[in-house]
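1. for reference, the sequence and a predicted model appear below.
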Amino acid sequence: MSNLNEPMGRIDAIVIETSLLTADIKGIRLAAANSAVLPPADPGAHIDLWLPDGNVRQYSVIERAADGSAYRIAVLREPASRGGSAYVVDQLCVGHRIHVSGPRNNFALDESHDETILIAGGIGITPILPMAMRLAKTGKRFSFNYLGRGRQRTALLDVIDAGPLKDIARLHLSDEHGKADLRGLIGAPRPGTHVYVCGPGRLIDGVLEAASDWPTDTLHFERFAAPAPVATTSAAVSFEVELAKSGKVITVRPDQSIMQALRQERVCIDSVCREGICGTCAVPLLAGEAEHRDVIQTDTEKNQNTVIYVCVSRARSARLVLDL
């Protein structure tokens, strides 16, 4: 589900604890440097980290301390890291100061469902685990499936084994159990049941394929990386963007994004990922037909055509009218 809430500003934070959860996953606890209470973080929420090397990265909040004193996150060192995860895992230590954002949630849990199916793959456990904890606490009907390559590479098992999820979690390790039967995990579509999945792109694609007969609005997922863009005719043409509040019309060339065109005209739009993943650059869309390239909105939300993520999306119509 999309969310237009802006992050709650930059928070001057300090690293108060680190630990290696696996050989390539680091657990980190962050507190406000001035000891202030941190903003609430609902299951599925993430925070932005501004790293000293200039990178900004998003990480799911696994847990907010009961007294609001700290956030817990976990970071996988990506083999092809562009600097973000490598810096966090290799260099970020206790006592380091870093800026973080308030939580933003593009993967919010709807607790009103009759049944919820949770599927986490690898580091995708970070937003799914707090969902499972919340559902267990509230007594909702749910299943919790955790897929990993092997026990030594699967993080947060100690948290699961020590808490209310111990007898609920279904752990599937490919080196012990082989390939997971994704259709078996979700079954046939049934009224009131929704699926939440997070993990590698191949897992998300596999679940979507296994659930091809499910209503699209019952399938919820969060990707850590944008899929390869599909070539479209809209990428080869210019179009216009009208700013409703001023009436100004800006031309977006084929070789630039809407965000780049806006910034060229000194219209400030925040953006972190520039891949249609983080949700920072959401703008209400008042008129025109967009080509939605983000991976945040559901198909239903894209068809409603009321929000556009200007870092990646383009126009199918000659003009878009933005609430700017």
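-> Received, thanks. Note that the structure is predicted; figures quoted are calculated from it, not measured. Numbering: from 1, shown residues only.
2. I'd assumed V321 was in contact with A244.
-> Yes. Using C-beta atoms under 8 Å as the test, A244 is close enough to V321 to be in contact (5.5 Å). All C-beta spots, glycine's among them, are computed from the backbone N, C-alpha and C.
3. so which residue is dead centre in this protein?
-> Centroid check for the chain by C-alpha atoms, centre = their mean gives E222 as the closest residue, at 4.8 Å.
4. joint contacts of A244 and V321?
-> Taking C-beta atoms under 8 Å, 6 or more residues apart in numbering as the contact criterion, the common neighbours of A244 and V321 are L286.
5. still on that earlier bit, how far away is the residue nearest to the centre of the chain from P191?
-> Using C-beta to C-beta, to the nearest Å, one obtains 24 Å as the distance from E222 to P191.
6. what's around G276, how many residues?
-> Neighbour count for G276, taken as other C-beta atoms under 10 Å: 23.
7. I figured it hits Y309, correct?
-> Yes. In this structure G276 lies within contact range of Y309 using C-beta under 8 Å: 5.0 Å.
8. so for those two, which residues contact both of them?
-> Joint contacts of G276 and Y309 (C-beta under 8 Å, 6+ apart) are R293, D294, I296.
9. out of those residues, grab the one that's most surrounded.
-> When neighbours are counted as other C-beta under 10 Å, the busiest of those turns out to be D294, with 26 neighbours.
10. which residue, other than its chain neighbours, is closest to that residue?
-> G276 (3.4 Å; C-beta to C-beta, 6 or more residues apart in numbering).
11. which residues does that neighbour contact?
-> A226, R293, D294, V295, I296, Y309, C311, V312, S313.
12. just the pLDDT for P52.
-> The confidence metric pLDDT takes the value 81 at P52.
13. so the residue nearest to D294, which state does it fall into?
-> Per DSSP: H, G, I helix; E, B strand; the rest coil, the secondary structure class of G276 is coil.
14. before we move on, what about I125?
-> When the structure is split into helix, strand and coil by three-state DSSP, I125 lands in helix.
15. how about the contacts made by it?
-> With contacts defined as C-beta under 8 Å, 6+ apart, I125 is in contact with A74, Y146, A155, L156, C198.
16. now V15
-> V15 makes contact with I28, R29, L30, L92, C93, V94, G95, H96, R97, I98 under the criterion C-beta under 8 Å, 6+ apart.
17. L185: which of the residues you listed is nearest?
-> Ranked by distance to L185 (C-beta to C-beta), the contacts of V15 are led by I28 at 30.1 Å.
18. C-terminal to the helix or strand hosting that closest one, which secondary structure element comes first?
-> Taking DSSP states H and E as the criterion, I28 maps to strand 25-32. Using DSSP H and E, the helix or strand that follows strand 25-32 in sequence is strand 46-50.
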